[in-house]
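Engineer: Sequence plus predicted model, see below.
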Amino acid sequence: MTESLWRHYLLTKQRQRSYAEQVNQLFQLAYNLEQQFGLPQDIEWTLSNNQLFILQSRPVTAKKANSAEDRRGWYLSLTEVFDNLQQLHHVIVNERLPAMASEAKRLDDYDLNPLSDHELAQKLIGAVSFITLA
């Protein structure tokens with residue numbers, strides 16, 4: 001990779017880690033509030049100087065009580081989906097991002113100058129297929 005591309009990649013990874021840490025902090029706080037109050041919470045929050053502030057937390061009131069058709073309780077509860085989000089985070093960080101970085105390195109090492117427009121288009125289609133199918 002060129003130096004500027006590598007620097008951009010490292011900065012992007014750093015921002016992703018920071019963002020992931022903030023998301024994890026928010027989810028953990030929301031999970032703790034739900035555990036404390038015994039109900040899913042509608043949370044208003046803000047981020048200032050990389051610090052999370054909870055402005056308000058109140059029980060979710062939009063779902064219908066005792067309704068057989070209402071299945072929103074399942075996805076309103078962080079308790080049931082928090083583990084899934086952690087697993088997804090693990091897959092993204094440990095599998096998808098490294099695979100994308102490896103593919104970017106492979107493509108960066110490939111000399112495109114001798115390719116015709118058609119050959120270049122085929123290489124790009126292959127790269128897109130790798131990203132969407134992986």
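Structural biologist: Sure, I can see it.
Engineer: Return the backbone torsion pair for Q25.
Structural biologist: The phi and psi values for Q25, taken as degrees, to the nearest 10, are phi -60, psi -40.
Engineer: Might one say that it is in contact with L52?
Structural biologist: Yes: the pair formed by Q25 and L52 meets the contact definition of Cβ atoms under 8 Å, at 5.6 Å. All C-beta spots, glycine's among them, are computed from the backbone N, C-alpha and C.
Engineer: remind me which residues of this structure are low pLDDT?
Structural biologist: Along the chain, segments meeting pLDDT under 70 span 1-16, 62-82, 127-134.
Engineer: Can you show me the helices along it?
Structural biologist: 3-37, 72-76, 78-91, 97-109, 117-133 (DSSP state H).
Engineer: Run a quick neighbour tally on L47.
Structural biologist: Residue crowding around L47 was assessed by other Cβ atoms under 10 Å; the count is 11.
Engineer: From N84, how far out is it?
Structural biologist: 24 Å (Cβ to Cβ, to the nearest Å).
Engineer: likewise N24?
Structural biologist: If you measure N24 against N84 using Cβ to Cβ, the figure is 14 Å.
Engineer: more neighbours, those two?
Structural biologist: Residue environment comparison for N24 versus N84 gives the larger neighbour count to N24, 14 against 9, counting by other Cβ under 10 Å.
Engineer: Next, the contact list for that one, please.
Structural biologist: For N24, the contacting residues are H89, taking Cβ atoms under 8 Å, 6 or more residues apart in numbering as the criterion.
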